[in-house]
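> Need coordinates for the following:
(chains A and B)
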2 protein chains.
Amino acid sequence: MNPGENLVSPEVHPDGRVTFRMYAPNAKSVGLAADWMAGRPPQPMKRRRNGVWEITAGPLDPNVCIYAFNVDGITVADPVNPRVKLRARTSGSMVEVHSASEQPWDVRDVPHGKVEIHWHKSKSLGDTRWMWVYTPPGYGRQQNKRYPVLYLCHGSNDSAGGWVLAGHANFIADNLIAEGKACPMVIVMPYGHAVPFGSPEEDTNGEKYEIYLLKDVVPFIESNYRVARNRGSRAIAGFSMGGEQSLEIGFRHISMFSSIGVFSSIPQEGFETRFYFMLLNAAKTNRYLRNLWIGCGKRDYLLEDNREVAAMLKTLGIRHEYVETEGAHTYAEWRIHLSLFLPRLFK
Amino acid sequence: MNPGENLVSPEVHPDGRVTFRMYAPNAKSVGLAADWMAGRPPQPMKRRRNGVWEITAGPLDPNVCIYAFNVDGITVADPVNPRVKLRARTSGSMVEVHSASEQPWDVRDVPHGKVEIHWHKSKSLGDTRWMWVYTPPGYGRQQNKRYPVLYLCHGSNDSAGGWVLAGHANFIADNLIAEGKACPMVIVMPYGHAVPFGSPEEDTNGEKYEIYLLKDVVPFIESNYRVARNRGSRAIAGFSMGGEQSLEIGFRHISMFSSIGVFSSIPQEGFETRFYFMLLNAAKTNRYLRNLWIGCGKRDYLLEDNREVAAMLKTLGIRHEYVETEGAHTYAEWRIHLSLFLPRLFK
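Have a look, this model is predicted:
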């Protein structure tokens, strides 16, 4: 029998170490490339006699890890792992490490909200695209209840489902709501690539996404969901490219959003110039912005950029919270950031 | 620059031919393995000087094709194609071929229903699992309207999202409803692996799935959705493993389901013996079953098994419709079958 057929990969050990395996009898080299490695080259795997390559990593933090194999220079997802990280290009695989202590993103035995997928023709972009929308447990039961809304943006080369399938945003909300730490809210996850990922016109993406969000997404949500339609009930957050989008859209439309979450954001080019007046008028900006939350991992390659933004805000007297977590530029980190951010909202 | 970085794959040509490409400079052989090949060995791809392997196939039918690359004996999804066919094990890639004439599964400019993902703790199985539920356009607008329900089962090594992400069940329903050919209905897509795919206890899957469907899924749907709760408003259908599940559960619970759809089903072991009395009492069975629809592709390796079932039903005088379509054991075929089956329901 082909040893690839019943291969187990990844295998999570009780102590948090993980064994990764790939059957590649003819390969000259196989390596493991994982998000926690923060850009370091793939770690070589060892070939066993039966053609299976193997490596044991960790112990890893109790969280999600995203990885791929590098086979003779080609990056491929783990062929036997069903949990695929969908991307605009080049998918990876996911593994969940658990620990004795429950984490906010674990699937727990609490009431679960649901996630609705809508397909709609975007008036501003012209294409038919999907958005994913989380509604909390009990949503719709009380006739007159109106929920606050978080618009949650993903990073570059991700999908509208990323915050659910990789980020567990729905489980994080379920758990924090069950513990009374977060308000029940609707979470809207649009597709963040307004122009195709990797296309020549990608530098117009931010501008087009902003129009799409404001002209298509917000009106759709506010006419189809039981949501409150005031700035105190709207927040925007995101990671990486979505962090930049959130800060940009939040600052430009301060009359619409009362809270902004910026997780491991890519650099804000020209931010000081573009928002000169808001940044200079700290007293007014502080009256508007109930939460300006910035987080970045200490091993993130964007750490210095995020420190700079935080330092500038501090100098100018713009009220904000700046948090450094331990990890790299990973979904694991954004789960942590979301878990810290949600309890701040709509209180 | 690495020629893999801006590689286009797959490239669909206007005439329906498709070029598949993979960057694998060190590989000794790369082949294309696709579902339309119906089990034939992978077709060898040609290596270009820059390390890109290439093949042009087709013209292919205007439908979905699922494929993977075989690189020196290892099967991997297309690394640059974002459309991944999620499976319990060994994902593939998907490509959509369009033609001048619109197909029932195309994304058209018609009102779209939505798809809701629920996570719930299964009482019968003990785990927390998801189910995907389609609701038609306008669902929930009329207070007193109750919708009929189709329980739609997937095949072995698939996921609860398969009928949407690969099968376009939602778009098929949207289009047929828009044309007035199908009734607005709720479509419920549970996860069909009651025990893990490939596990030693897999021979108990059918039995456990039946209990899960009847004890968990149906009660959940009937208490959380605006659906009619009578047999005339319930149908069950599925393909491959899900075809067997549908015929089995439909026949065993004929007081619950009035219509059964069986697409490219795996063989029904012991069917005649187990349903001896129902099969013998054709008059009574015919009174109960409004639709018994069986379809199979002419190039499907299960064609003879499906012909046998149809022949037996004919001999016994059980009213049914048996349709042979042109293709193999593919999602493309099940899109066709669903498009033919939906207009039969709830009329």
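> And the pLDDT at the closest residue to chain B within the stretch 201-347 of chain A?
Closest residue of the stretch 201-347 of chain A to chain B, C-beta to the nearest C-beta: residue A:224 (9.3 Å). No exception for glycine: its C-beta is placed from N, CA and C like everyone else's. Looking at residue A:224, its pLDDT is 96.
> Tell me how far it lies from residue A:93.
35 Å (C-beta to C-beta, to the nearest Å).
> next one: residue A:205
Distance, residue A:205 to residue A:93, by C-beta to C-beta: 27 Å.
> more neighbours, the two?
residue A:93 (24 against 20; other C-beta atoms under 10 Å in any protein chain shown).
> can you confirm that one is in a strand?
Yes: applying DSSP: H, G, I helix; E, B strand; the rest coil, one finds residue A:93 inside a strand.
> any idea how far chain B is from it?
Separation of residue A:93 from chain B (C-beta to the nearest C-beta, to the nearest Å) stands at 9 Å.
> Hmm, residue A:78 and that residue touching each other?
Yes: under the criterion of C-beta atoms under 8 Å, residue A:93 makes contact with residue A:78 at 3.9 Å.
> shared neighbours of those two, which are they?
A:10, A:67-68 (C-beta atoms under 8 Å, 6 or more residues apart in numbering or on different chains).
> Out of those residues, which is nearest to residue A:164?
When those are ranked by distance to residue A:164 (C-beta to C-beta), residue A:67 comes first, at 19.7 Å.
> can you tell if the host helix or strand of that closest one touches chain B?
Using DSSP states H and E, residue A:67 maps to strand A:64-71. Yes: Strand A:64-71 lies within reach of chain B by C-beta under 8 Å from any C-beta of the partner chain, at residue A:71.
> so who does residue A:117 touch?
A:130-133, A:161, B:114-117, B:164.
> got CSV for the shared contacts of residue A:93 and residue A:78, with pLDDT and neighbour count too?
Compiled in CSV, those are given as follows (pLDDT from 0 to 100; neighbours: other C-beta atoms under 10 Å in any protein chain shown):
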residue, pLDDT, neighbour count
A:10, 97, 23
A:67, 98, 23
A:68, 96, 22
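> Please convert the residues you listed to CSV, extending it with distance to residue B:278.
Putting those into CSV (distance: C-beta to C-beta, whole Å) gives the following:
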residue, distance to residue B:278
A:10, 46
A:67, 51
A:68, 51
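> Could you single out the nearest of those to residue B:87?
Closest approach to residue B:87 among the shared contacts of residue A:93 and residue A:78 (C-beta to C-beta): residue A:10, at 16.4 Å.
> And the pLDDT at the closest residue to that closest one other than its chain neighbours?
The shortest distance from residue A:10 to any non-neighbouring residue, by C-beta to C-beta, 6 or more residues apart in numbering or on different chains, is to residue A:95 (4.4 Å). For residue A:95, the model assigns a pLDDT of 98.
> what does residue A:1 give?
pLDDT recorded at residue A:1 is 54.
> what's the burial count for residue A:222?
14.
> before we move on, what about residue A:224?
14.
> For it, give me the backbone phi and psi.
Taking degrees, to the nearest 10, you get phi -110, psi -10 for the backbone angles of residue A:224.
> Residue A:157 too?
Per degrees, to the nearest 10, the backbone of residue A:157 is at phi 60, psi 40.
> what about it, distance to chain B?
Taking C-beta to the nearest C-beta, one finds residue A:157 at 9 Å from chain B.
> Do I have it right that that residue meets residue A:197?
Yes: with contacts defined as C-beta under 8 Å, residue A:157 counts as touching residue A:197 at a distance of 5.7 Å.
> what do those two both touch?
By the contact definition C-beta under 8 Å, 6+ apart, residue A:157 and residue A:197 are jointly contacted by A:88-89.
> and residue A:314, that's in a helix?
Yes: Residue A:314: assigned to a helix according to three-state DSSP.
> So for residue A:25, what's the pLDDT?
89.
> Just give me the neighbour total for it.
16.
> Please apply the same query to residue A:73.
Neighbour count of residue A:73, defined by other C-beta under 10 Å: 17.
> ok, it touching residue B:26?
Yes: counting by C-beta under 8 Å, residue A:73 touches residue B:26, with 5.8 Å between them.
> Within its sheet, name the partner strands of the helix or strand where residue A:295 lies and how each one runs.
Assignment of secondary structure by DSSP H and E places residue A:295 within strand A:291-297. Next to strand A:291-297 in the sheet, as set by DSSP bridges, lie strand A:259-263 (parallel), strand A:321-325 (parallel).
> Please work out which of these is packed deepest.
strand A:259-263 (a mean of 29; mean count of other C-beta atoms under 10 Å in any protein chain shown).
> Output that strand in CSV with nothing but the alpha carbons.
Presented in CSV, the C-alpha positions along strand A:259-263 are these (Å, rounded to 0.1, in the frame of the first residue of the first chain):
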residue,chain,number,x,y,z
SER,A,259,-14.3,52.7,17.3
ILE,A,260,-11.4,51.6,15.3
GLY,A,261,-9.2,48.5,15.7
VAL,A,262,-5.9,48.3,13.9
PHE,A,263,-4.2,44.9,14.1
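> Please state the offset of it from the chain centre?
Its chain's C-alpha centre and that of strand A:259-263 lie 12 Å apart, by C-alpha atoms, centre = their mean, to the nearest Å.
> outside of that strand, which residues touch it?
Defining contact as C-beta under 8 Å, 6+ apart, one finds that strand A:259-263 is touched by A:234-240, A:242-244, A:246-247, A:250-251, A:289-296, A:306, A:309, A:333-334, A:337-338, A:341, A:344-346.
> ok, then the element right after it?
helix A:271-274.
> Now do the buried residues in that next one.
residue A:271 (16 or more other C-beta atoms under 10 Å in any protein chain shown).
> shouldn't residue A:299 be in contact with residue A:38?
Yes: with contacts counted by C-beta under 8 Å, residue A:299 reaches residue A:38, the gap being 5.0 Å.
> Now do the shared contacts for these two.
Shared contacts of residue A:299 and residue A:38 (C-beta under 8 Å, 6+ apart): residue A:328.
> Tell me which of these two has more neighbours.
Applying other C-beta under 10 Å to residue A:299 and residue A:38 shows that residue A:299 carries more neighbours, namely 17 against 14.
> Residue B:132 versus that one, what's the distance?
From residue A:299 over to residue B:132 the distance is 37 Å, taken as C-beta to C-beta.
> and if you look at residue A:61?
From residue A:61 across to residue B:132, the span is 31 Å (C-beta to C-beta).
> Counting neighbours, go ahead and name the busier of these two.
Neighbours were counted for residue A:61 and for residue B:132 using other C-beta under 10 Å; residue B:132 has more, 26 against 18.
> who touches the residue nearest to that one when sequence neighbours are not counted in this structure?
Using C-beta to C-beta, 6+ apart and skipping residues adjacent in sequence, the residue nearest residue B:132 is residue B:189, 4.3 Å away. With C-beta under 8 Å, 6+ apart as the criterion, the residues that contact residue B:189 are B:131-134, B:152-154, B:160-164, B:169.
> Let's see which of the residues you listed end up in helices.
In this view, the contacts of residue B:189 that belong to helices under DSSP state H are B:162-164, B:169.
> Emit the PyMOL select command for whichever of those residues are buried.
Buried subset of the ones in helices among the contacts of residue B:189, written as a PyMOL selection, criterion 16+ other C-beta under 10 Å:
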select buried, chain B and resi 162+163+164+169
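> just the ones in helices among the contacts of residue B:189 now: which is nearest chain A?
residue B:164 (7.8 Å).
> pLDDT score for the closest one?
On the pLDDT scale, residue B:164 gets 98.
> hang on, isn't residue A:18 packed against residue A:8?
No: using C-beta under 8 Å, residue A:18 makes no contact with residue A:8, being 11.3 Å away.
> Which one's more surrounded, the two?
More crowded of residue A:18 and residue A:8, by other C-beta under 10 Å: residue A:18, with 23 against 9.
> Distance of that one relative to chain B?
From residue A:18 to chain B the distance is 18 Å (C-beta to the nearest C-beta).
> tell me the contacts of that residue?
Residues near residue A:18 by C-beta under 8 Å, 6+ apart: A:10-12, A:56-58, A:60, A:65, A:95, A:97.
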